[in-house]
Structures are given as structure tokens and as C-alpha cells.
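**Student:** Just need the structure, nothing else, for what follows:
(one chain, ligands or ions: 1)
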Amino acid sequence: MKIKEHWQIVIALAAAALLGLLLGMDSLRDTAVVSGFVGISEFLGDIFLRLLKMVIVPLIVSAVVSGIASLGGVEGFGRMGLKTLLYYMFTSFVAICVGLMVVNVFRPGEVGGEPSPLVREMIDRKADEMAASPDEKIAGAKERAEAGARGLVEILRDLVPPNIIKAASDGQMLGLIFFSIVFGAALTRMPGESGDVMRHFFQALNDLMVAITRGIMMFAPIGVFFLILPVIVDVGIGFLGALWKYFLVVLLALGLHLFVVMPILLMAFARVDPRRHYSAMKEALLTAFSTSSSSATLPVTMRCVRDNAGVSKKVTSFVLPLGATVNMDGTALYECVVVIFLAQVMGYDMTLTEQFAVVLLALWTSIGVAGVPQASLVAILIILNAAKIPGLNPDAAMAVVLTVDRLLDMSRTAVNIFSDSCGAVVIAKSEGEKGVLANP
Ligand code: ASP
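**Tutor:** Numbers count the residues shown, from 1 in each chain. Here you go, the predicted structure:
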């Protein structure tokens, strides 16, 4: 009997967690054999990630170009773009409200109604440690945070890349999408044999990239195993310490958004059965969870939305790459929870206006965050610096929060890509597509 693909990945995740917990035990973790094995695991996990990333550029370009060329024009793209952006902003806003509500109800920064002394002590200790020897990761993020969130003008400017090869190598998806739209539109006006050759070429290229993604996903169970194993060895049991309540609150808020809010939105806006959409997206959800990267998951998201959910190529190729760049519900929710949590730890009661400012900043910075692991670090530093919570050292606070971030990053990435996929379904339905999540 053949085990279904997503079950293979689930089994790999469970096996990696078990073995990781075993190898992460204090008596084993630092032995040469375990360190060597973890090193090899990291290498193999990285290869899997690279394989996924390898197809992103040709996949996006060929999908958008052939999508437009096969439709005979760009009519409707402006309308679709506007709808998509509005929808994405709306869901991110809702996600932030969910986070805001949960963090205010459960108050993870307090113990018995008072600011948590343990977490505060952790932050103070970290601040001393960092004064003696700076944390490289935080220092790098701080530099980028000080450079500021990307303003609207910069995002718009990035839409038009002066050098398409550089845009591709920098992973600037917006520029790549714009170029591909222009290219596809011009191609529809190219008559005769040479136009046909190009159209066939991009169609074939797209089919090939989809086939390659399918091939790469055959290795997903192995890739996921090696990606997750070092993470579990590293974090081990008992990594939560004083942060357990914060950790659970983030998971609860993400869970509410994923399992309560998104299905409601799917039913309200697209009138589809959410269970069918979860089922269509299984592989993508598991890949996002394992890789912590919306960008690396994009090829799998596109394949699931197109092949399993039945969304047209036109919508898939446009809405999903855009979503992987600008739509991050899980990240926006998380940013908001972290900031309010830290205010609670410091015993600082944020006013409604201050909380509202956090909401707006979370919405704004989540758009600029890249779809890579722990990318929200920079965004949170930007918000913390703007929020000016009295007595809080933002760098030390971030370093403390980071100690439990890995599993949260995995979870919020899954929420991020699920929201993108819901966007594709909603937009497709609004464009009158009949085959979306239709009965087989
Ligand atoms: N890892 C997230 C993503 O790729 C971004 C973040 O929240 O750090 O979607």
C-alpha cells in the first residue's frame, strides 16, 4: 500500500521530532557523533530548501507570461490587482485584531496580574550579556531596522526593476511579476510564427517547472526530516522556561486565525467548503511549516492551488507570488502579540491609541517583510523602536523572544501561505471561475 504524500511528510516530521529529542538530551547533544550527524542533517535540509528555491524564478516568469499570453491580454489585471491587494490588507488587519484580542485577554506578560519578573530578569540579563559581547543576529537586524521600513514610494519603485537579472537574483518578486506582465502583454501582440514559438516556449517552460516541483516534492519527506531534526536537537525539551505562556498565546492566536477566521472568510467571500481547501493545501501547509519560508514554499503553494483547488493559471500565477511577498497574516499577528507582550512584561499599559499605532505598524511592516525564516525580526525592532516602551531594551528583548522563535516561525509561515491560497480562491471565485474546489 502506498502512503499518501502528506502522510509521508507528517511521519517524517514526527520521526525527526522524536530522534531530535533523543539526540538533544544533555548527555548526547555535544558528543562528536551527534554534532557530526546534526551537521550532515543541516547540509541535507539546506539542499532541499535550495531545490525549492531553484525553481522560483523560472516558475513565476513562465507562469505569468504564459498565463497572460494564453488569455490574449492583460484586460482585467488592474481590477484583479486592486481586488487582491484590498483583500490581503483586509485579512492581515483581521489577523492583527485576533492577535490583539488574544494577547489582551490572556496577558502572557503577566503572572497573577503583575508583570512577569522572570521574563524581565531574562531581558535584563540578556542586555548585560549583549553589552559585553553584541549578538550578531540582532546587530544585523538593528541595522536594517534603523534604515527604516520600506516606504510606499520604495515599494512602488521596486515594481520597476532596472535590471531584471539582479531583481531575480535578489528575490525581488514584485519586479519580476511586473516584468513578466509587460512581457506577456507584448507577446499577445506578436503575430505570426515567432509569436507562436515564444508562446509555446513559455507554456512548455511552465509545464516543465511544475513537473520539476512535483519531482522535488518526492524528496519532501527526506528533506523535511533533515530540516527539522537539527531544530529539535537545538531547542530540546524545556526550552520554553518562563516564556511558555507567551508561546502558547501566539500559537492560540495563530490557530484561531487559521482554523476559525480563514474558514469563515472562505465561506463568506467564496462560498466554498473550507475542509476541501485544507485538504487541497495539505502539502503546502506542511512544507511551509517545515521550511519557515513562504518564498521557498511558493512553488508548492502554486501547484496545490492550481492542481488541487482548481484555480485558473491566470489567478494562481498572479495572486500567489504577490501574496508570498506582501501578504503575511501570521507575521502581522505575531508582530502585534510580541510588542504588546513586551509592554505587559514592563508593566506598561499601552493606551488604545498606542495599540492602534502598533496595529498600523504591524500591518505596514508585514507587507515589507520577506518570506524567509525569521524575517519579522527586523519588523518587530522597527515597531519596538517606534513604540518606545519605557525601560525596555528592544535589542535584548528581541534576543530573549528569539530563543523560542523557531517553532513559532514555522507556524506563522504556514498561516501566511494558507492566507495567500485563500486569497487565490476568493479572487478566482470573484472572477467567476466555476471549477474552484468544485466536486471532483
Ligand atoms: N518566516 C516567515 C515567512 O516566510 C516570515 C516571518 O514571519 O519571519 O513567511
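**Student:** Distance from the chain centre to the helix or strand encompassing Gly45, please.
**Tutor:** Element membership of Gly45, judged by DSSP states H and E, is helix 32-54. Counting by CA atoms, centre = their mean, to the nearest Å, helix 32-54 is centred 21 Å from the centre of its parent chain.
**Student:** How about that helix, which residues are buried there?
**Tutor:** Buried residues in helix 32-54, counted by 16 or more other CB atoms under 10 Å: 34, 37-38, 41-42, 44-45, 48-49, 51-54. Just so you know, the C-beta spots here come from the backbone N, C-alpha and C atoms, and that holds for glycine as well.
**Student:** what packs against the helix or strand hosting Ala69?
**Tutor:** Counting by DSSP H and E, the element that carries Ala69 is helix 56-71. Contacts defined by 3 or more CB pairs under 8 Å, 6 or more residues apart in numbering; DSSP states H and E place helix 56-71 against helix 173-188, helix 192-217, helix 294-303, helix 313-326.
**Student:** quick revisit: which other residues reach the helix holding Gly45?
**Tutor:** Helix 32-54 has contacts (CB atoms under 8 Å, 6 or more residues apart in numbering) with 23, 28, 213, 216, 219-220, 222-224, 226-230, 233, 287, 291, 293, 295-297, 299-300.
**Student:** Kindly report the same for stretch 233-250.
**Tutor:** By CB under 8 Å, 6+ apart, the surrounding residues in contact with stretch 233-250 are 20-21, 23-25, 29, 34, 38, 102-103, 106, 108-109, 116, 118-119, 122, 334, 337, 341, 400-401, 403-404, 406-408, 411-412.
**Student:** Dump it to CSV, restricted to CA.
**Tutor:** Provided in CSV are the C-alpha atoms of stretch 233-250 (Å, rounded to 0.1, in the frame of the first residue of the first chain):
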residue,chain,number,x,y,z
VAL,A,233,18.2,18.9,18.8
ASP,A,234,18.9,22.6,19.2
VAL,A,235,15.7,23.6,21.2
GLY,A,236,15.3,20.3,23.1
ILE,A,237,12.7,19.9,25.8
GLY,A,238,12.2,22.6,28.4
PHE,A,239,13.3,25.4,26.0
LEU,A,240,10.2,27.4,26.9
GLY,A,241,11.0,28.2,30.5
ALA,A,242,9.3,31.4,31.6
LEU,A,243,8.1,32.0,28.1
TRP,A,244,5.6,29.2,27.9
LYS,A,245,2.6,31.3,28.3
TYR,A,246,3.7,33.7,25.6
PHE,A,247,4.5,30.7,23.3
LEU,A,248,1.0,29.2,23.8
VAL,A,249,-0.7,32.6,23.3
VAL,A,250,1.0,33.0,19.9
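**Student:** That stretch close to the ligand?
**Tutor:** No - figure legend: stretch 233-250 not in contact with the ligand (CB under 6 Å from any ligand atom); closest approach 11.2 Å.
**Student:** For that stretch, give the mean pLDDT please.
**Tutor:** Across stretch 233-250, pLDDT averages out at 81.
**Student:** buried ones in it?
**Tutor:** Buried residues in stretch 233-250, counted by 16+ other CB under 10 Å: Val233, Val235, Phe239, Ala242, Leu243, Lys245, Tyr246, Phe247, Val249, Val250.
**Student:** What of stretch 356-375?
**Tutor:** Residues of stretch 356-375 classed as buried: 357-359, 361-375 (neighbour count, 16+ other CB under 10 Å).
**Student:** Return the distance of it from the chain's centre.
**Tutor:** Its chain's C-alpha centre lies 11 Å from the corresponding centre of stretch 356-375 when counted by CA atoms, centre = their mean.
**Student:** try stretch 407-414
**Tutor:** On CA atoms, centre = their mean, the centre of stretch 407-414 falls 8 Å from that of its chain.
**Student:** do stretch 254-271 as well
**Tutor:** 17 Å.
**Student:** Span of that stretch from start to end?
**Tutor:** Chord length of stretch 254-271, first to last residue, is 23 Å (CA to CA, to the nearest Å).
**Student:** What of stretch 106-121?
**Tutor:** 21 Å.
**Student:** Is any residue of the helix or strand hosting Asn416 near the ligand?
**Tutor:** Using DSSP H and E, Asn416 sits in helix 405-430. Yes - Helix 405-430 comes into contact with the ligand (CB under 6 Å from any ligand atom), by way of Asp409, Arg412, Thr413, Asn416.
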